[in-house]
Structures are given as structure tokens and as C-alpha cells.
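S.K.: build me a model from this:
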Amino acid sequence: DHQQHIAIQLNVVDFGAVGDAVHIYANTVSNSATVAFPSASLTSADVGKVVELFGVGTPTSGGNHQDLVATIVSVSGGTNAALSRSPRVTTNGAYCIYGTNNVGAFQAAIDAAGTNDTINIPAGNYLLIPPQQLGSNFTAWYLNSLLLTKGGIHFKGAAGRTNTVLTGCGAWQLLTNAVIGQTKTYRGFIFISTGDTLTTNSDPLVFESLTMDGGLQYGLYGSRDYPAR
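M.R.: Next comes the predicted model:
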């Protein structure tokens with residue numbers, strides 16, 4: 001016999017999510033993994049967090065540089081961090097976003113949710129970086145942080161859209177897509193929904209009282225040619 005699902009309330013915090021993403025500026029030295037964050041107060045709790053540094057990564061055509069995505073390996077002095085990858089540009093004031101990568105926590109909440117369940121997201125800025133951005137290639141049609149394979153999930157910001165923010169990967173890198181066998185520019189979508197996720201209007205995906213931020217300093221850049229420059 002068919003049993004009706006009783007809607008339940010989930011909370012991303014219960015799955016380990018932390019809304020601690022920070023927008024900041026950093027000082028970098030080419031080929032040095034040590035980066036200075038003059039206005040930060042870093043502690044050992046920041047080890048393992050993901051850092052996006054814009055415009056200081058691997059060189060590409062035209063004298064430009066890719067962005068850099070790395071993790072914090074160690075901290076010292078409250079303002080210095082050793083990263084898993086070294087910047088390739090010496091500069092003061094590189095735009096940066098860093099914080100806990102919440103992909104695992106959010107995906108666990110999505111996987112646990114049933115039809116018509118609500119996933120509550122407390123106040124905070126939740127960084128969602130595709131794990132492949134810390135590698136070099138991936139096997140999928142699209143690069144994404146979160147995968148939706150079913151409808152009927154209600155994502156609700158508990159503190160309103162200005163206080164509950166989902167920040168995607170604004171940093172771009174040249175990554176190899178093993179499906180199509182090409183290296184292209186990728187940032188990554190926050191959500192990807194498989195083709196059969198929504199078959200009727202009875203089980204919609206609902207996003208309420210939250211902001212989705214693409215993670216770019218100046219907003220929409222538009223489409224660019226390849227190879228990335």
C-alpha cells in the first residue's frame with residue numbers, strides 16, 4: 001500500500017554546514033605558498049578552509065592569469081596562511097573569498113530529504129565550491145557543487161534573503177572535462193538538476209528567502225572565448 005510521506009524539517013547545520021564565508025583582500029608573492037590577509041584574524045580553526053584568490057593563479061594567454069583555488073594548510077601570526085597551491089603573481093590587494101566548503105554538508109541534507117521536506121538554512125554565508133576546482137579534471141557534463149536528483153525539496157533561508165547567502169565558485173580555472181575531452185574555463189554551478197528530476201508540477205523545487213551569489217566581485221562577466229584569457 002502507498003504510504004503518504006510526512007513532511008519533515010531538516011537543518012543544514014545538523015549536517016555540518018558552517019556559514020562563515022568572508023570577502024577579504026590578500027597580499028601574495030609569486031611562487032610562495034604564504035599569503036598575507038592583513039585584516040584577518042586567522043586561527044587554527046581556519047585550517048582546511050577553501051580560499052579563492054582572483055587573478056593570481058596559473059598564467060594563461062595574453063599575459064593574464066587564471067584564478068587560484070586552494071586550501072589553508074597552516075596559519076601563523078593571525079594574518080598569514082600557507083596554502084596548498086602557490087600564487088603566481090606578486091600583488092597587494094588581491095580579491096579573495098575564503099571559508100568552509102559546505103558541499104558535503106549540503107549534499108548530505110539534500111540526499112536525506114524526501115518529497116515535500118524543508119531544508120532550513122540559518123543566517124550565514126555558505127561557500128559552495130565544486131571539489132573538482134581543487135583538482136585538475138572531472139567526469140561529468142557540467143561542473144557543479146550540488147546535485148538534485150529529485151523534486152519536492154523546499155530550501156528556506158531562516159533569516160531572510162539578505163542574511164542567508166549561498167556563494168558559488170566565482171574563481172575560474174582551465175579544467176579538463178573527461179566527458180568531452182576538452183580543457184575549458186570552468187567556475188561551476190551551485191545546483192545541477194538531472195533531466196528527470198522534475199516531471200510534474202506536483203513536486204517542485206522551491207527556493208525561498210535566500211540569495212544565490214555567483215561569487216564574483218563585480219557580478220556578471222558574460223561569455224568568453226576559449227582558451228581563457
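S.K.: now the closest residue to residue 169 other than its chain neighbours: phi and psi?
M.R.: Spatial nearest neighbour of residue 169, excluding adjacent residues (CB to CB, 6 or more residues apart in numbering): residue 188 at 4.4 Å. Placement of C-beta: from N, CA and C, glycine included. Phi and psi for residue 188, reported as degrees, to the nearest 10, are phi 130, psi 140.
S.K.: mind checking how far residue 188 is from residue 118?
M.R.: Separation of residue 188 from residue 118 (CB to CB, to the nearest Å) stands at 25 Å.
S.K.: tell me the contacts of the closest residue in space to residue 50 that isn't next to it in sequence?
M.R.: Distances taken as CB to CB, 6+ apart place residue 101 nearest to residue 50, at 4.5 Å, with adjacent residues excluded. Contacts for residue 101 (CB atoms under 8 Å, 6 or more residues apart in numbering) come out as 49-50, 127-129, 131.
S.K.: okay, these in TSV with pLDDT, neighbour count and distance to residue 34 next?
M.R.: Formatted as TSV, the contacts of residue 101 follow (pLDDT from 0 to 100; neighbours: other CB atoms under 10 Å; distance: CB to CB, whole Å):
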residue	pLDDT	neighbour count	distance to residue 34
49	98	21	16
50	98	25	17
127	98	30	22
128	98	28	27
129	97	29	21
131	91	14	24
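S.K.: these in strands, which ones?
M.R.: Taking DSSP state E, the ones among those that sit in strands are 50, 127.
S.K.: out of residue 188 and residue 118, which sits in the more crowded spot?
M.R.: A direct count of neighbours by other CB atoms under 10 Å for residue 188 and residue 118 places residue 188 higher, at 27 against 17.
S.K.: so the more buried one makes contact with residue 167?
M.R.: No - counting by CB atoms under 8 Å, residue 188 stays clear of residue 167, with 11.5 Å between them.
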